[in-house]
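1. this one's sequence-less:
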């Protein structure tokens, strides 16, 4: 397994390049080597782009040489979940139906990263179209959890979480439809932020469920995640659901601590059966926050148990619609066929994996004429109830704290039925249904040495408070310099 | 029996027709993307990731389309929804890139409007169930075993106008299309060129026994793309249905495609084969909000509508109905008339202005192959010319010559009159002297006239005109001659 090596923080990287201590070119070469030698086992990358990375590094070094003020992510090594569209770089969303497709344009988030001087190392693995919680549903490969190669990295942004945890990149962009950033972040011991719906542009994000999808960063630390979020957040006229509101300076919030912060503990999330290691880590987190002056308050989100069924009507319904465009006519793979209907049947039959087909069927059923009211509309009404639960809770507290997942990372093949897999997202779905921001931050290891994630949920557009509380958890009970494979980071003594 | 004409059949049967008309809105760019809208561009040149339905592409609503649709909504007296929504309509076809069309479903922009038709001299008000916004699909062409798809049309903004089933003849259906065509051009929201597919019509047709309340089974006719075809296709379908039911058959609920070349329709699909479109609100597009300031802005820019002008012309200017109808047949013509009225000092001159515009001006323009917007004679000059006739400065006969020259050169009529020295002689003294001279110089004709030969009167008028090079005021000349001749 790859050992995490000397990738510094975002702030360190930018400062060192600005000071002339190191060039971007000098940073990118070892990263390229590390991926070339280590990814065979890890399985994070779907499209590795050393050429593009070197060119981006050279551009940063030219800016430095020209004395131009360096952009905020100058020289920062990143990867992108493969459902983010990249001009000239293959993009598959983990699906065979898009194998070989090279997009003609960049997603807004990709444009913004490039403009901010980030160096894109490549595209990383995910469950097909984001539909999964283990990255086992990728059509192309398995990605391993750097903490235990026999276990999944979580999903669907499993490639992002694994690449960050393995030290192959400083940060990665993932997408989160029902927990797809936070759950793998928790499983891999990294920070993951799901921003408020509309905070980050979806332009160029291959849609799974349009009313739930949101792009966010995964990074080793809260500060790094905040720095990346700072660059990608903000209004985009090319996304009609993008919110036009100013983006606060997130870095400023990080050091504020939690003294006086009112943190709610939703009863329903703790009444569920939790793996002992997860419960213990959360208990330690709660105690640590209390010690640092946070007011911990029990709250109730009474409609929580309806989130899973509502989600599994809304998300598949939207997916069944969004995936209609993969017909083999204009791009992607087209199967040999006799006539038009045959083109559709064979292309989609061969191109989509079983989980995707299952959700298309489910969604198509839910949207049938005469059934819309009973399913999709009813699920939207449940969604309103869930939003109201949160509104009521946020009238009392500033932020909510929950476990990110009921268990730590599970072994490959452990979730043998779809329903078991769906239940892995039980704590993360509500946040998407309500459009709220969420964050997962490591809060310790289980007895088996697997990371546990604490989830923070916030008010709309209040990512700053999540980052603030997340930084406090990180400082109190985070992993420090503990890395996968027993390695320690640059700040600690290597064994 | 089977040889009965449609007219005979219609003594027993009543057709019921509803139209669904797609109006292409004249925006610069597409309804959800920045690609240009143009006719006749090379295939697939007007596309972008949104039009192509590429992965990750998102629609962004072009509000210019909203403003155009709102004008139509207001002009048809529709109720406008403060919040309407786009919905996805799903079906698979190669010219539908996303696998769904973005349309409006249960929350359309406009409802419960109306369109006024002029049928047989009376106004018939047809209710409109709804007007909604949607994107057009691309165009498929089939050449042998090969199909070509052109996506230039995909994403072009359409307003779909749905009438209530209240039209009762093919003529009314055609008249509905004409009235809508005129209205959308009047509002400047669409070129509405049917040959370019900018105005397309589907017709829902059924028949029932006269006196029956319930509607018969309807069929939907697609692909009707000229005013003439609307009438033909609907007539043909009415006759087809009556023949079926009269021979003991049942009309099948189906969609039929009109083949204009063969003058007949063929079944496209039956109801059982119809798609389930699986409509649901498009999560990529926020609700369309129409607020007070937007409505105020649109209302401020609304022109006076054809029906209102039709009434005003008759009421305020005593213009006959048929002339008023011609004046409102085209916005530019009505605007020309109104501009001429505005340039003219006297309200009561409308009638004369109208007749000069409709006969002299249109005649001349027609001969030159020009339309009213290209008239070389601007409205104020026509107004000035009519004023010269009214105040007696020139006669009607001279006026036609002045009109010709002014039309040709653009010179002001009064300047031409002065240069030519053709001012009418309306001075009684001056004209009396000439009359005296003519009467004195033609004793034989005087005798003949006094002996009862009325036609000789024309001779005297002619002589006076000759003496004055046609400038004598005809009415005054006649009056003075009568007085002088004593008869």
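-> Cool, the structure landed. Given the structure is predicted, the values throughout are model-derived calculations rather than measurements.

2. Run a quick check on residue B:387 versus residue B:352, I expect a contact.
-> No. Taking contacts as Cβ atoms under 8 Å, residue B:387 lies outside contact range of residue B:352: 9.6 Å. (C-beta placed from N, C-alpha, C; glycine too.)

3. ok, the nearest residue to residue B:333 once chain neighbours are set aside to residue B:403 distance?
-> In space, not counting the residues next to it along the chain, residue B:333 is nearest to residue B:372; the distance is 4.8 Å by Cβ to Cβ, 6 or more residues apart in numbering or on different chains. Distance of residue B:372 to residue B:403, computed by Cβ to Cβ, to the nearest Å: 16 Å.

4. Same check on residue B:148?
-> Using Cβ to Cβ, residue B:148 is found at 54 Å from residue B:403.

5. Among these two, which residue is more densely surrounded?
-> residue B:403 (21 against 13; other Cβ atoms under 10 Å in any protein chain shown).

6. Could you list every helix and strand in contact with the helix or strand that contains the more buried one?
-> Here residue B:403, judged by DSSP states H and E, is contained in helix B:396-409. Contact here means 3 or more Cβ pairs under 8 Å, 6 or more residues apart in numbering or on different chains; DSSP states H and E; on that basis helix B:396-409 packs against helix B:379-390, helix B:413-420.

7. Pick the most buried one from those.
-> helix B:379-390 (a mean of 21; mean count of other Cβ atoms under 10 Å in any protein chain shown).

8. Low-confidence stretches in the chain?
-> Picking chain A for this. By pLDDT under 70, the low-scoring segments of chain A are A:1-6, A:486-495.

9. nope, chain B
-> For chain B, the stretches flagged by pLDDT under 70 are B:1-2, B:121, B:345-348, B:487.

10. same thing but 50
-> Applying pLDDT under 50 to chain B picks out residues B:1.

11. Would you mind listing what in it touches chain A?
-> Within chain B, the positions lying close to chain A (Cβ under 8 Å from any Cβ of the partner chain) are B:49, B:52-61, B:88, B:90, B:92, B:94, B:97-100, B:147, B:149, B:276-280, B:283-286.

12. My guess is residue A:206 contacts residue A:129. True?
-> Yes. Residue A:206 is in contact with residue A:129 according to Cβ under 8 Å; the separation is 6.8 Å.

13. Of the two, which one has the most company?
-> Neighbours were counted for residue A:206 and for residue A:129 using other Cβ under 10 Å; residue A:129 has more, 32 against 29.

14. Let me know the secondary structure of the more buried one.
-> Under DSSP: H, G, I helix; E, B strand; the rest coil, the three-state class of residue A:129 is helix.

15. Next: residue B:458.
-> Per three-state DSSP, residue B:458 ends up helix.

16. Just give the number of residues close to it.
-> 10.

17. And residue A:259, by the same measure?
-> Quick note: residue A:259 (other Cβ under 10 Å) scores 10 neighbours.

18. Apart from its chain neighbours, what residue comes closest to it?
-> Per Cβ to Cβ, 6+ apart, closest to residue A:259 is residue A:293, 3.2 Å.

19. Just confirm that neighbour contacts residue A:258, I think it does.
-> Yes. Contact criterion Cβ under 8 Å: residue A:293 and residue A:258 qualify, at 6.2 Å.

20. Which of the two has more residues huddled nearby?
-> Set side by side, residue A:293 and residue A:258 show more neighbours around residue A:258, with 26 against 12, by other Cβ under 10 Å.

21. In the chain, which residue is most central in space?
-> In the absence of a named chain, chain A is used. residue A:181 (2.2 Å; Cα atoms, centre = their mean).

22. wrong one, chain B
-> Mean-position check on chain B, Cα atoms, centre = their mean. Result residue B:182 at 2.6 Å.

23. Grab the nearest non-local neighbour of it.
-> In space, and not counting its chain neighbours, residue B:182 is closest to residue B:306: 6.2 Å by Cβ to Cβ, 6+ apart.

24. Also residue A:461?
-> Counting by Cβ to Cβ, 6+ apart, residue A:461 lies nearest to residue A:196, which is 5.0 Å off, once chain neighbours are set aside.

25. What of residue A:171?
-> Nearest to residue A:171 is residue A:219, by Cβ to Cβ, 6+ apart, at 4.0 Å.

26. The one you found touches residue A:225, doesn't it?
-> Yes. The criterion here is Cβ under 8 Å, and residue A:219 meets it with residue A:225 at 4.2 Å.
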